Structure formats: C-alpha cells, structure tokens
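please find the sequence and the predicted model below.
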Amino acid sequence: MTYSIGEFARLSGVSERTLRYYHERGLLRPQVDANGYRQFDSADADRLQLIQFYTALGLPLAKVADLLNAGPDERIAALREQRTALAARQAKLTRLLTQVDSTLANQEGRSMTDTEKFAAFKQDALRRNDANFGAEVTAKYGATAKEKSDQRFAGLSEADYQRGQEAETALVTDLQRALASNTEPTAAALTQIYADHRAWLEVMWSQYSPEMHRNLMTMYEADSRFADYYNDKVGSAKATALLIKAVRANTPAQ
C-alpha cells in the first residue's frame with residue numbers, strides 16, 4: 001500500500017515539512033512520480049519508525065543515516081546497546097525517586113528511624129558498587145564475603161554511617177597534606193593514612209584483616225576504576241599510589 005505525503009503525515013504524526021526534509025537528507029526514500037508527488041510505502045514506514053526512535057534518543061541525523069544504512073546485525077546491535085543505556089537511565093531515575101520519597105518523608109515530619117533515613121542512599125551506593133566492581137570483589141574474596149559486606153553496609157546506623165564518612169574525610173585530608181609537602185612522607189604520616197583507611201574499611205566490611213587490606217591495594221593498583229576514586233577525591237594523580245604505599249608499609253606480607 002502506498003500513501004501520499006499528506007496521508008503519510010496523518011498516519012505517522014510527522015509533519016509534511018519534516019517528511020520532505022528527511023527525504024532531502026536521504027533518510028526516507030519514497031517513490032517520486034513524474035509529477036513530483038512523493039509516494040510512501042511500508043518500507044518508508046519502517047524507516048520512519050527507526051528515525052523517530054533514534055532522534056528521540058538525541059542522535060544527530062548523520063548518525064541516524066549511518067544506522068539506517070547499516071546491515072541488520074549492526075542495526076540490531078545498536079538497538080540493543082541503546083536499550084541497555086535506557087534501562088540504566090531508568091534504573092537511575094527509579095533510585096532517585098526512592099531517594100526523593102525518603103527525603104520528603106523525613107522533611108514532612110513522618111516518623112523514620114535513623115537507618116531508614118539513609119537506606120535509599122545506601123542502596124544506591126550498593127547498586128553502583130556492584131555494577132562497577134561486583135565481579136572483581138566476588139572473584140577476589142568470594143560471594144559469601146561480598147554478601148556479608150553488602151548486608152553490613154545496608155544495615156549501617158546513622159552513627160556508623162557518619163563514622164565511616166568521618167574516616168574517609170580524614171583519609172582525604174591526610175593524603176592531601178602528605179602530597180602537599182612535596183617530600184617523602186614520614187613513617188608517621190604513612191601510618192596515619194593506613195589507620196584512616198582501615199577505620200573506613202572496618203565500618204564498611206563485615207570483617208577486617210591485614211591480608212584483605214593488602215589484597216584490596218592490589219586491586220586498586222591493577223584497575224584504574226579503583227585508583228580513580230581516591231585520585232579524584234584528593235585531587236592528585238598520586239593519591240592512590242600513596243595510599244597503596246601506606247597500607248603495604250603497615251601490613252607486611254606474612
């Protein structure tokens with residue numbers, strides 16, 4: 001079945017002017033009669049469906065043209081990639097809505113325990129950490145240890161949560177101070193950095209051991225995602241290297 005441009009506009013909800021523009025850009029390929037009238041068919045409808053989807057994602061028309069001209073396998077792969085990205089955005093919005101609901105409940109004076117006040121934020125942190133590092137942590141320490149650690153973090157009280165925040169703040173401050181001196185850090189400075197990080201881990205982990213601490217530093221050293229966390233917080237590309245040095249100096253291998 002074929003459609004005139006007016007019929008195709010009414011069918012699709014896309015204006016005639018836009019349909020003409022898509023034709024000029026080569027995105028749509030209607031048959032053009034001798035009198036200059038465009039005739040659209042089901043193949044044009046399929047292409048227009050893809051155009052509307054891609055443009056809704058914010059893709060530039062040049063990229064849309066590339067995808068339209070790609071083979072079926074490449075086009076399907078691109079759609080699956082976009083679906084994954086959309087699902088991630090949806091999950092983030094769901095987490096934000098949960099956080100807003102929790103904050104509203106607290107601000108409106110509804111009765112909430114200290115644990116409930118922070119539950120949404122802690123769950124968000126757990127999801128992000130699991131997505132970014134879950135596989136590596138499980139491989140290194142085992143699923144049981146990871147599950148216990150996650151359960152501990154999810155159940156932190158306000159006081160414990162605050163204690164962890166204070167330990168991390170102290171760690172960042174001590175790293176900044178040591179790096180600002182532009183001299184080799186003293187043994188005392190390294191011990192303090194180690195103690196700060198250990199204090200944070202003892203809040204976040206269900207159990208602590210020097211061996212686990214050293215293994216964590218190996219992960220920091222091997223994967224830039226771990227290293228970037230402290231480098232970004234401290235504001236120095238040398239921060240994580242200094243933390244690793246401090247931990248190893250204070251947890252000698254057995």
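Yep, that arrived.

show me the domain layout of the chain.
According to automatic domain parsing, the chain comprises the domains 3-69, 72-112, 133-250.

how about TSV for those, with mean pLDDT added?
Output for the domains of the chain, formatted as TSV (pLDDT from 0 to 100):
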stretch	mean pLDDT
domain 3-69	90
domain 72-112	74
domain 133-250	83
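
export these as a markdown table, with columns for mean neighbour count.
Heads up, the C-betas are built off the backbone N, CA and C, glycines and all. As requested, the domains of the chain are arranged in a markdown table below (neighbours: other C-beta atoms under 10 Å):
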| stretch | mean neighbour count |
| --- | --- |
| domain 3-69 | 15 |
| domain 72-112 | 12 |
| domain 133-250 | 16 |
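
and whichever strand or helix holds R89, how far from the chain's centre?
Assigned by DSSP states H and E, R89 falls within helix 72-107. Centroid displacement of helix 72-107 relative to its chain, using C-alpha atoms, centre = their mean, to the nearest Å, is 10 Å.

so which elements touch that helix?
With contacts taken as 3 or more C-beta pairs under 8 Å, 6 or more residues apart in numbering; DSSP states H and E, helix 72-107 sits against helix 61-69, helix 114-141.

who are the packing partners of the helix or strand encompassing Q165?
Element membership of Q165 [criterion: DSSP H and E] is helix 158-180. For helix 158-180, the packing partners by 3+ C-beta pairs under 8 Å, 6+ apart come out as helix 114-141, helix 187-204, helix 224-234, helix 239-250.

wait, I51 touches L27, no?
Yes - in this structure, I51 is within contact of L27 by C-beta atoms under 8 Å, at 5.6 Å.

which residues touch the closest residue to D33 other than its chain neighbours?
Leaving aside its chain neighbours, D33 sits nearest to Q39 (6.3 Å; criterion: C-beta to C-beta, 6 or more residues apart in numbering). For Q39, the contact set (C-beta atoms under 8 Å, 6 or more residues apart in numbering) comprises 2-4, 30-33.

which residues pair with Q39 across the strands?
Taking DSSP bridges, one obtains S4, Q31 as the residues bridged to Q39.

tell me the spacing between it and T55.
23 Å (C-beta to C-beta, to the nearest Å).

identify the residue spatially nearest to M219, adjacent ones excluded.
Nearest non-adjacent residue to M219, counting by C-beta to C-beta, 6+ apart: F226, 5.6 Å away.

in this structure that neighbour contacts A241, no?
No - applying C-beta under 8 Å, one finds F226 not in contact with A241, separated by 12.0 Å.

how about the contacts made by S12?
Taking C-beta under 8 Å, 6+ apart, we find S12 in contact with 19, 45, 48, 52.

could you dump these into CSV with secondary structure and distance to F8 added?
Listed next are the contacts of S12 as CSV, based on DSSP: H, G, I helix; E, B strand; the rest coil; distance: C-beta to C-beta, whole Å:
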residue, secondary structure, distance to F8
L19, helix, 6
A45, helix, 8
L48, helix, 8
Q52, helix, 13
